[in-house]
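Undergrad: Dropping the sequence and predicted coords here.
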2 protein chains.
Amino acid sequence: MNSVASEPALIGLDWGTSSFRAALIGAEGRVLDRLAAPEGIMHVEGGRFEAAFTRLLAPWAQHAGLPVLASGMITSRNGWVETPYAGLPAGEADLAAAMQVHRTGEGRVVHFVTGLATEADGAPDVMRGEETQIVGAVAAGIRAGRFVMPGTHSKWVEVAQGRITGFSTWMTGDIFAALRDHTILKALMVAGPFHDEGFRLGVAAGLSAGSDLLHRLFHARSLPLFDKIPAEASADYLSGMLIGAEIAGGSADLQAQGPVTIIGRDDLADRYETALGLAGLQSHRAAPEIVARGHFTIAKAAGLIT
Amino acid sequence: MNSVASEPALIGLDWGTSSFRAALIGAEGRVLDRLAAPEGIMHVEGGRFEAAFTRLLAPWAQHAGLPVLASGMITSRNGWVETPYAGLPAGEADLAAAMQVHRTGEGRVVHFVTGLATEADGAPDVMRGEETQIVGAVAAGIRAGRFVMPGTHSKWVEVAQGRITGFSTWMTGDIFAALRDHTILKALMVAGPFHDEGFRLGVAAGLSAGSDLLHRLFHARSLPLFDKIPAEASADYLSGMLIGAEIAGGSADLQAQGPVTIIGRDDLADRYETALGLAGLQSHRAAPEIVARGHFTIAKAAGLIT
């Protein structure tokens, strides 16, 4: 990798529900330095975001003159500055035009990247933060296709001509944790290392569940009860079933064809890669640093970096 | 109703996870007296079931010579006497033949009605207690058709020629509680009176969810977030969606045609009746006292009552 020295040009903040991440970005888009803290918006005492902002960025005090872009749940009702959602389609230029500017007491300017809203299946859907990651992935070369962003609330996203044209939220991770910890399934859940076979069986069951998901989930109990799978496989069977059901629905709902790009934590990305393969879908992983790349791309489109 | 005096002939116990119910049953099958206590099998201290049995039935000490039939989770691994599951098809004669006899220290004889197991969709399914209710409903005149038994774990049951030929478990109630109390949906859940319109919207969404259930569930959050439904409707919307999804899958999986018989608590039966109607399915409610009627019918088939 060519390690040419680069002048800092931008600070990008990925400020979500459970964590704060900052990137010091050079004039060519490279990440020069990083900061991270467990101070997600739910953990900022008394909602004093400006104080947290100043304190968390203190290590980069010499760069206080740089423009700051912030994305994520920090722009939600429970965040620092609530911004309205932008509509679809949305690409770097749309997001640049929709940014909301906030000036701190110390005179620093923060540009908030707004989230996106759409309507499908007769109901609204929303994202905050993922749009910036997608812009980063687009800038990294994937200008059309479908994306899955696994997590507590997975997103399936469709991109055409470099702009987000549709997306949907899937409660897979949230539901997995609730079922594992707060239903009858809890009784047979045994912790252990990843159980690959149990996971694959679960994926197959989820892919074919159709409208039977509320029934098939009971199999995470009945299979170990009858020693058809070991108790150690139960949690991964459940995980596989939910991910399989998500893929069956999420991929079918999208117009776009071609491989699915996975954006997410490595351990989850591994599961989705396996499950997508069992579904007969090709996949690949997004490039690293796509949040910073998204911030950089939007800042460029907004003329904040020349 | 003709109130002819009747000699007690049988004690029927419906002993489940969370409650104990006993019926003193006459020679013609009428319920002459009832006992109930919140001592489900999970609440019997130290698993001392025989002591609980003696104490709870003390008011009927003069009837200690009567045969006792017990059904429900009392025959499970966490109950008094674990009995093996019987297979399908199963009617009164099959259940009578499969009963397990247990003699208490005091010399009383308890006949345990075993639960049923089947295998479908590549996995086992089980019931304990519901088989006795179905026998009661069959004895009350419904010798063929489909049944839904709403609850924490709903059962869909198929009956032909007076015998249970198939069934499946649906985790609807358990999942409803877990989602309402332990996911992001909790934040917008406002308690209030039953919200009929929200419930109906949810049913429609659930009926058409297909493989999109994990996505549609997010609408229980996004709709109130955008003031498309009031926050007071959110819990009933969620309830409706899960019941709708259950009906879409459960009714499609059964071979039997004709109206669906609802067996369950009145408040839940109301919801299922509404939802079945929205699905275009006719329904009616099972006769009352079907557990006692099931105990009576099985006892007759076993020759315990002449």
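TA: Looks like it arrived, so ask away.

Undergrad: most remote residue from chain A's center?
TA: Relative to the centre of chain A, the most outlying C-alpha is that of residue A:226, 37.6 Å out, by CA atoms, centre = their mean.

Undergrad: Contacts only, for that residue.
TA: B:117, B:124 (CB atoms under 8 Å, 6 or more residues apart in numbering or on different chains). In this view, the C-beta of every residue, glycine as well, is placed from N, C-alpha and C.

Undergrad: Assumed residue A:272 was part of a helix.
TA: Yes - the assignment for residue A:272 by DSSP: H, G, I helix; E, B strand; the rest coil puts it in a helix.

Undergrad: count of residues packed around it?
TA: Residue A:272 has 25 neighbours, counted by other CB atoms under 10 Å in any protein chain shown.

Undergrad: Is it in contact with residue A:265, as I believe?
TA: No - in this structure, residue A:272 is not within contact of residue A:265 by CB atoms under 8 Å, at 10.2 Å.

Undergrad: Overlap of the contact sets of these two?
TA: Joint contacts of residue A:272 and residue A:265 (CB under 8 Å, 6+ apart) are residue A:150.

Undergrad: from what I can see, residue A:9 looks like it's in a helix, true?
TA: No - using three-state DSSP, the assignment for residue A:9 is strand, not a helix.

Undergrad: Leaving out chain neighbours, which residue sits closest to it?
TA: residue A:27 (4.2 Å; CB to CB, 6 or more residues apart in numbering or on different chains).

Undergrad: My guess is the one you found contacts residue A:296. True?
TA: No - counting by CB under 8 Å, residue A:27 stays clear of residue A:296, with 9.3 Å between them.

Undergrad: Could you check which of those two is surrounded by more residues?
TA: A direct count of neighbours by other CB under 10 Å for residue A:27 and residue A:296 places residue A:296 higher, at 29 against 15.

Undergrad: any idea how far chain B is from residue A:17?
TA: 10 Å (CB to the nearest CB, to the nearest Å).

Undergrad: residues in the stretch 1-150 of chain A within reach of chain B, list them.
TA: Contact residues (CB under 8 Å from any CB of the partner chain) of the stretch 1-150 of chain A with chain B: A:117, A:121-126.

Undergrad: Packing partners of the helix or strand hosting residue A:201?
TA: Here residue A:201, judged by DSSP states H and E, is contained in helix A:196-207. If contacts are counted by 3 or more CB pairs under 8 Å, 6 or more residues apart in numbering or on different chains; DSSP states H and E, helix A:196-207 sits against helix A:213-216, helix A:234-253, helix A:266-278.

Undergrad: Going by neighbour count, which residues in that helix are buried?
TA: A:198-207 (16 or more other CB atoms under 10 Å in any protein chain shown).

Undergrad: for those, which one is nearest chain B?
TA: Nearest to chain B out of the buried residues of helix A:196-207 is residue A:205 (CB to the nearest CB; 7.4 Å).

Undergrad: For stretch A:24-43, measure first residue to last.
TA: This stretch, stretch A:24-43, spans 23 Å end to end (CA to CA, to the nearest Å).

Undergrad: what's the answer for stretch A:252-263, then?
TA: OK, stretch A:252-263 end separation, CA to CA: 19 Å.

Undergrad: Buried residues in it, which are they?
TA: A:253-254, A:256, A:260-263.

Undergrad: That one - what's its average pLDDT?
TA: The average pLDDT within stretch A:252-263 is 86.

Undergrad: Same check on stretch A:179-191?
TA: On average, stretch A:179-191 scores 89.

Undergrad: How far off centre is that stretch?
TA: How far stretch A:179-191 lies from its chain's middle: 26 Å, per CA atoms, centre = their mean, to the nearest Å.

Undergrad: What subset of the residues of the stretch 1-150 of chain A next to chain B is buried?
TA: Using 16+ other CB under 10 Å, the buried members of the residues of the stretch 1-150 of chain A next to chain B are A:117, A:123-126.

Undergrad: Dump these to CSV, plus secondary structure and pLDDT.
TA: Formatted as CSV, these follow (DSSP: H, G, I helix; E, B strand; the rest coil; pLDDT from 0 to 100):
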residue, secondary structure, pLDDT
A:117, strand, 97
A:123, strand, 94
A:124, strand, 96
A:125, strand, 96
A:126, strand, 96
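
Undergrad: Out of the residues you listed, the closest to residue A:37 would be?
TA: Using CB to CB, residue A:126 comes nearest to residue A:37 of these, at 25.3 Å.

Undergrad: Need phi/psi at residue A:261.
TA: Note on residue A:261: backbone dihedrals following degrees, to the nearest 10 are phi -90, psi 130.

Undergrad: Look up the closest residue to it, ignoring the ones flanking it.
TA: Counting by CB to CB, 6+ apart, the residue nearest residue A:261 is residue A:147, at 4.6 Å.

Undergrad: Please list all residues in contact with that neighbour.
TA: A:134, A:137, A:155-159, A:260-263, A:286.

Undergrad: Just these: which are in helices?
TA: Among the contacts of residue A:147, the residues falling in helices (DSSP state H) are A:134, A:137.

Undergrad: Distance of residue A:247 relative to residue A:237?
TA: 16 Å (CB to CB, to the nearest Å).
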